[in-house]
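# Pasting a predicted model and its sequence here:
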Amino acid sequence: MQMHDESTPTGLNTSTKKPWIKPTIIPLRTGMLNKVGANRQMNWQESIDGIPIKQLVEDYGSPLFVVSEKKLRNNMKRFKRAFASRYPDVQFGWSYKTNYLAAVCNTFHQEGSWAEVVSEFEYEKARSLGVPGQNIIFNGPFKTPRILERAVREGALIHIDHLDELYALENIAQGLKQQVGVALRLNFDTGYTEPWSRFGFNLESGQAMDAAWRIGASEYLQLIGLHSHIGTFVTETKAYSKEVQILCEFMLEVESRTNCQIEYIDIGGGFASMNSLQGVYLPPEQVVPSIEQYAEAVCTPLMELTHEREANGRPRPRLILETGRALVDDAESLVTSIIANKRLLDGRHGLIVDAGVNLLFTAFWYNHQVVPTKFLPGKPEESVIYGPLCMNIDVLRNSILLPPLKVGDTLLFTPVGAYNHTQWMQFIEYRPNVIMIDEKGRASIIRKAENLSVVTSQEVIPDHLRDPYPGGPLYNFSRYDNN
Ligand SMILES: Cc1ncc(COP(=O)(O)O)c(C=O)c1O
């Protein structure tokens, strides 16, 4: 055992009296040393886009999600620049499933993004925000007949996932007596990512070519696009070069064999964000390629493989991207407050905070960056961060070095902008406010905290169950009542 008394952390005589800090007993355990040797310097962050976090919590409560509009716009501008400076015809489609808060979607739409949706709900949400059908890319294995017909009428870019959808589309087009341009979702092995054969038509087995033939033979359908989404958090840029090569080769093949004209190639999403995947030893700064590196990997082969087409007087196919997490993740943070401190049986320090996996679903696969929101003196020690749920799996971080924190102190989790608002759940606790800080540094709510009436609004109580105690509040339930 090692005793630390941090009341005079520097050991120097100073005239100003330092506050007393509770001594901590830290067991010496093997495995805690890292390559660098000593504990890492503890960082902290006091404000977001110029607003003190303390102020935000006073105004909007804790836990609190904070979105930076400036960061969203800057990310979108940088991504567009990276691709548009390397290829002449580029279009981004905002992946709704990554974060479909209306304010976030509209920020991306204002920056020129279309919508990429994967369900009836997402399609309806994009339309309700004012996105025209022609600017909606419709992916996903389940498109209800109702929404498929609407998408056809509204001119959405429909990406066919399976043969049953192809037949359904043909029936709809026939019913409407309309020629419908469609795209095929393809899956194949790039050699760098795990192939997802469950989505779309497989290329190597011939499924994809068969589907193209089938469309070519249709009176009502025309093949105008090719789509693939090769995976997610893909840190190997060569995977994208290979994807582009495979898509372009297939484009030439279907054009020559089925007489179609491919207008666009959609390479899906999957670029990694600046987050730390659990199990990855190196920090994201060393693992995650820059957007310019991704753009280079995509556009260089695409320029080469479409050169001849342009030389023959046909425009190069449009490049569509459905980037999700890489655009939004680092634009959002989660502020959470300490509810309690605990000493665990194995000697580790346990912290209970007011946000759990109900809000931060991505804690299951990321080690988010976690910092205090003010300078905290005191020796960092290994801690476990638990959420507030009465559930054993509610762990936000299994092991992290943190200085002593008091009840009411706050921690900042980043980046949390991707896949948390779409996968969070109303479980045990109400979901809190989400605010956005605009480009002028003003904060406003973009999703209100839930309350009892929000959570119970869809429930219906049958008449005979309206009263929980039909015999009166003091009714004596005996164990014979059921006989
Ligand atoms: C079809 C499709 N496009 C785009 C995305 C966005 O992916 P990411 O957030 O990894 O960029 C996904 C995510 O799963 C997807 O399934």
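Here it is on my side, so go on.

# I'd like to know how many residues surround Asp467.
Using other Cβ atoms under 10 Å, Asp467 has 10 other residues around it. In short, each C-beta sits where N, CA and C put it, glycine included.

# and if you look at Phe271?
By the criterion of other Cβ under 10 Å, Phe271 has 26 neighbours.

# can you check Glu122 too?
23.

# where does Lys18 fall, helix, sheet strand or coil?
coil (DSSP: H, G, I helix; E, B strand; the rest coil).

# I'd like the next helix or strand past the longest strand that the chain contains.
Using DSSP state E to define each element, the chain has its longest strand at strand 332-343. Helices and strands here follow DSSP states H and E; after strand 332-343, the next one along the chain is strand 349-353.

# So what touches that next one?
Residues outside strand 349-353 that contact it (Cβ atoms under 8 Å, 6 or more residues apart in numbering) are 63, 336-344, 381-388, 396, 402, 405, 411.

# how does it look with 6 Å?
Thr336, Ile338, Ile339, Ala340, Lys342, Leu344, Glu381, Ser383, Val384, Ile385, Tyr386 (Cβ atoms under 6 Å, 6 or more residues apart in numbering).

# now these: which count as buried?
The neighbour-count test (16 or more other Cβ atoms under 10 Å) marks Thr336, Ile338, Glu381, Ser383, Val384, Ile385, Tyr386 as buried among these.

# What residues does the fourth one make contact with?
The contact partners of Ser383, taken as Cβ under 6 Å, 6+ apart, are His349, Leu351, Ile400, Leu402.

# so it, which of the three states?
strand.

# any idea how far it lies from Asn135?
47 Å (Cβ to Cβ, to the nearest Å).

# List the residues that contact whichever residue of the stretch 1-150 of the chain sits closest to the ligand.
Closest residue of the stretch 1-150 of the chain to the ligand, Cβ to the nearest ligand atom: Ser95 (3.9 Å). Residues counted as contacts of Ser95 (Cβ under 6 Å, 6+ apart) are Glu116, Gly269, Glu322, Gly324.

# Checking my notes, Gly93 in a helix, right?
No: going by three-state DSSP, the assignment for Gly93 is strand, not a helix.

# Count residues in the vicinity of it, would you?
27.

# and it, what are its bridge partners?
Trp114 (DSSP bridges).

# do you know how far it is from Glu243?
16 Å.

# A strand includes Ala126, no?
No: Ala126 is assigned helix when assessed by three-state DSSP, not a strand.

# excluding its backbone neighbours, what's nearest the spatially most central residue of the chain?
Nearest to the mean C-alpha position of the chain, counting by Cα atoms, centre = their mean, stands Ala418 at 2.2 Å. Residue nearest to Ala418 in three dimensions, not counting chain neighbours: Arg325, with 3.7 Å by Cβ to Cβ, 6 or more residues apart in numbering.

# Does that neighbour touch Gly417 like I think?
No: at 7.9 Å, Arg325 does not count as touching Gly417 under the criterion of Cβ atoms under 6 Å.

# who's more crowded, those two?
Neighbour count, other Cβ under 10 Å: between Arg325 and Gly417, Gly417 has more, with 31 against 24.

# Could you tell me which residues of the stretch 351-483 of the chain lie near the ligand?
Ala418 (Cβ under 6 Å from any ligand atom).

# Now do the contacts for the closest residue to the ligand within the stretch 351-483 of the chain.
Per Cβ to the nearest ligand atom, Ala418 is where the stretch 351-483 of the chain lies closest to the ligand, at 5.9 Å. Ala418 is in contact with Thr98, Arg325, Val328, Asp329, counting by Cβ under 6 Å, 6+ apart.

# contacting residues around stretch 145-152?
Glu120, Tyr123, Phe138, Ile158, Ile172, Val180.

# which of the residues you listed has the most neighbours?
Neighbour max across these (other Cβ under 10 Å) = Phe138, 30 neighbours.

# need the contact list for that residue.
Val117, Ala151, Ala156, Ile158 are the contacts of Phe138 under Cβ under 6 Å, 6+ apart.

# from the residues you listed, which is closest to the ligand?
Closest to the ligand, out of all of the contacts of Phe138 and judged by Cβ to the nearest ligand atom, is Val117, at 9.7 Å.

# Between its first and last residues, how far does stretch 217-235 reach?
The first residue of stretch 217-235 is 39 Å away from its last residue (Cα to Cα, to the nearest Å).

# how far is that stretch from where the chain is centred?
Counting by Cα atoms, centre = their mean, to the nearest Å, stretch 217-235 is centred 22 Å from the centre of its parent chain.

# Please see if that stretch touches the ligand.
Yes: Stretch 217-235 reaches the ligand (Cβ under 6 Å from any ligand atom) through His229, Thr232.

# Buried residues, that stretch. List them.
Applying 16+ other Cβ under 10 Å to stretch 217-235 flags 218, 220-235 as buried.

# cool, and stretch 292-306?
Tyr294, Ala295, Glu296, Ala297, Val298, Cys299, Pro301, Leu302, Leu305, Thr306.

# chain center to that stretch, what's the gap?
25 Å.

# Can I get that stretch as CSV, trimmed to CA atoms?
This file holds the C-alpha atoms of stretch 292-306, laid out as CSV (Å, rounded to 0.1, in the frame of the first residue of the first chain):
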residue,chain,number,x,y,z
GLU,A,292,-8.2,14.2,-47.0
GLN,A,293,-6.6,10.7,-46.9
TYR,A,294,-10.0,9.1,-47.4
ALA,A,295,-10.8,11.5,-50.2
GLU,A,296,-7.5,10.7,-51.9
ALA,A,297,-8.2,7.0,-51.6
VAL,A,298,-11.6,7.3,-53.2
CYS,A,299,-11.1,10.0,-55.8
THR,A,300,-7.7,9.0,-57.3
PRO,A,301,-9.0,5.6,-58.6
LEU,A,302,-12.4,7.1,-59.5
MET,A,303,-10.8,9.7,-61.7
GLU,A,304,-8.6,7.1,-63.4
LEU,A,305,-11.4,4.6,-64.0
THR,A,306,-13.9,7.2,-65.3
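
# Please compute how far stretch 278-288 lies from its chain's middle.
Remark: stretch 278-288 is offset 18 Å from the chain centroid, using Cα atoms, centre = their mean.

# Now do the end-to-end distance for it.
Stretch 278-288 stretches 14 Å from its first residue to its last (Cα to Cα).

# Let's test this: mean pLDDT of that stretch, rounded?
Averaged across stretch 278-288, the pLDDT comes to 94.

# Repeat that for stretch 430-443.
Here the average pLDDT along stretch 430-443 is 98.

# do the same with stretch 106-121
98.

# Can you pull out the residues in contact with it?
By Cβ under 6 Å, 6+ apart, stretch 106-121 touches 69, 72-73, 76, 92-97, 123, 126, 131, 135-140, 144, 147, 322.
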